[in-house]
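Asks: Below are the sequence and a predicted model; questions follow.
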Amino acid sequence: MIERVVVTLLLLAVGFVVYAGLRRYQVRRAASSASTDPILRDLKANVPAIVYFTTPTCVPCRTQQQPALTLLQRELGDDHIQIVEIDATEYPDAADRWGVFSAPTTFVLDAHGTPRKVNHGVANTDKLKRQLQAIAV
């Protein structure tokens with residue numbers, strides 16, 4: 001019995017390490033081309049951003065992620081956050097460049113336009129605020 005528990009814990013630990021590595025890789029991949037990526041050409045300088053990948057059929061995008069981003073924008077204001085919404089079905093090349101494999105996916109960019117955090121699935125307003133505070137320079 002104890003062997004099963006140990007094996008289960010070991011598998012969970014390996015899964016966590018692999019997932020953390022994937023997230024780190026995805027942020028680095030996005031950061032490597034962010035400075036020339038056309039989806040970021042209209043970003044205001046020195047203002048953090050959230051790049052939000054969605055699809056027209058994504059129910060959590062419409063019912064949870066979009067309201068969270070709207071609330072964040074309202075609370076922080078246009079001078080402190082900018083949100084770039086990308087329809088992954090309309091711009092599949094952008095989704096490929098950023099390594100997006102599910103919707104919603106959000107990337108938190110620092111004030112220099114460098115991706116620093118990625119969220120797979122819904123990220124609530126509080127989580128996004130914490131991530132923005134963590135990358136503030």
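Replies: Perfect, thanks for sending it. Residues are numbered from 1 along each chain as shown.
Asks: next SSE after the helix or strand containing Gln26?
Replies: Using DSSP states H and E, Gln26 falls within helix 2-34. Where DSSP H and E defines the elements, the next helix or strand beyond helix 2-34 is strand 49-54.
Asks: Now do that following strand and helix 2-34, the angle between them.
Replies: Angle of strand 49-54 versus helix 2-34, following axes from the mean of the first three to the mean of the last three Cα atoms, to 10 degrees, is 110 degrees.
Asks: Now do strand 49-54: distance to the chain's middle.
Replies: Here strand 49-54 is found 6 Å from its chain centre; the criterion is Cα atoms, centre = their mean, to the nearest Å.
Asks: How about residues contacting whatever helix or strand comes next after it?
Replies: Helices and strands here follow DSSP H and E; after strand 49-54, the next one along the chain is helix 59-60. For helix 59-60, the external contacting residues (Cβ atoms under 8 Å, 6 or more residues apart in numbering) are Ala103, Pro104, Gly121, Val122. Glycine gets a C-beta too; all of them are placed from N, C-alpha and C.
Asks: Which pLDDT does the model give the residue nearest to Leu72 when sequence neighbours are not counted?
Replies: Leaving aside its chain neighbours, Leu72 sits nearest to Thr125 (5.0 Å; criterion: Cβ to Cβ, 6 or more residues apart in numbering). Looking at Thr125, its pLDDT stands at 97.
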